[in-house]
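> The sequence and its predicted three-dimensional model are supplied below.
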Amino acid sequence: RFARWFYDLSNNRERWDSVDNFAGQFLFTESIYQGAKGSNATVWDVAYDEGNVFCKTWSTSRPLPNPQFSTFKYVGPALVNYEEVNVWAVPNPQRQGEFFTYFEDSTTREPVEFQMIDVRGRTVTVRFMGFDEGSQDNALFTLNTTVEGMCQ
C-alpha cells in the first residue's frame, strides 16, 4: 500500500493520503487530523471517486504519535533496497511483546523505514520515499471549503 504522510507535531496535525479499497473499488482517500490543546482532535476522512466525494468527520482523544528515539539501541548496518542503512531497535515500553525497528540512511541519517512487530508477530512496515523536516504548508491540512461543508 502506498501512502503519503504529512506530520506537523508543533501544530498538532497530520494528513494521510492513500488509495484504499472501499466496497470493491479503489478510491483516493485523505485523512486530516487537527488537534487542539486540552480537547479532542477533529478528523476529516474524505474519499474521492470520479467526481464524487464522500466525507465524514469525527473526534478522537488519540494524540499524535511523538516517537522518542532516545531508548533505541544501535543494532548495526544493513541494506534496504541495496542502500546502506543504520538499524536501531527497541521493545515497545507501553505494550509488552511489541517491538520497533528504525532504519536510517547511513549518510544523511534521514528515515528510510520503520517496522513494528505486534504481540501476535505481525509486522507493519512504513517505507519513507521522501522526507522533509520542518514546518509544513498550512494548505496541506485544509480541506476544500465545499467538501468540508458537506462533512458530517
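Thanks, I have the structure now.

> in the sheet, who's paired with residue 5?
Beta-bridge pairing for residue 5 (DSSP bridges): residue 16.

> which residues in the protein form strands?
3-8, 13-22, 25-36, 39-49, 52-60, 73-80, 83-91, 99-105, 111-117, 123-127 (DSSP state E).

> Please name every helix or strand in contact with the second one.
With contacts defined as 3 or more C-beta pairs under 8 Å, 6 or more residues apart in numbering; DSSP states H and E, strand 13-22 has these neighbours: strand 3-8, strand 25-36. Heads up, the C-betas are built off the backbone N, CA and C, glycines and all.

> Which one of those strands lies nearest to residue 127?
Closest to residue 127 of those, according to C-beta to C-beta: strand 3-8, at 10.0 Å.

> sorry, back to before: quick one: which of the helices and strands packed on strand 13-22 has the weakest pLDDT on average?
With a mean of 86, strand 3-8 has the lowest mean pLDDT of those.

> re the thing from before, mind giving me TSV with the strands of the chain and columns for mean neighbour count and distance to residue 148?
Shown next, in TSV, are the strands of the chain (neighbours: other C-beta atoms under 10 Å; distance: least, C-beta to C-beta, whole Å):
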stretch	mean neighbour count	distance to residue 148
strand 3-8	14	17
strand 13-22	16	14
strand 25-36	16	9
strand 39-49	16	7
strand 52-60	13	8
strand 73-80	11	38
strand 83-91	16	39
strand 99-105	19	35
strand 111-117	18	31
strand 123-127	11	28
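
> so where's this protein uncertain?
Counting by pLDDT under 70, the ranges of the chain that qualify are 1, 38, 93-95, 97.
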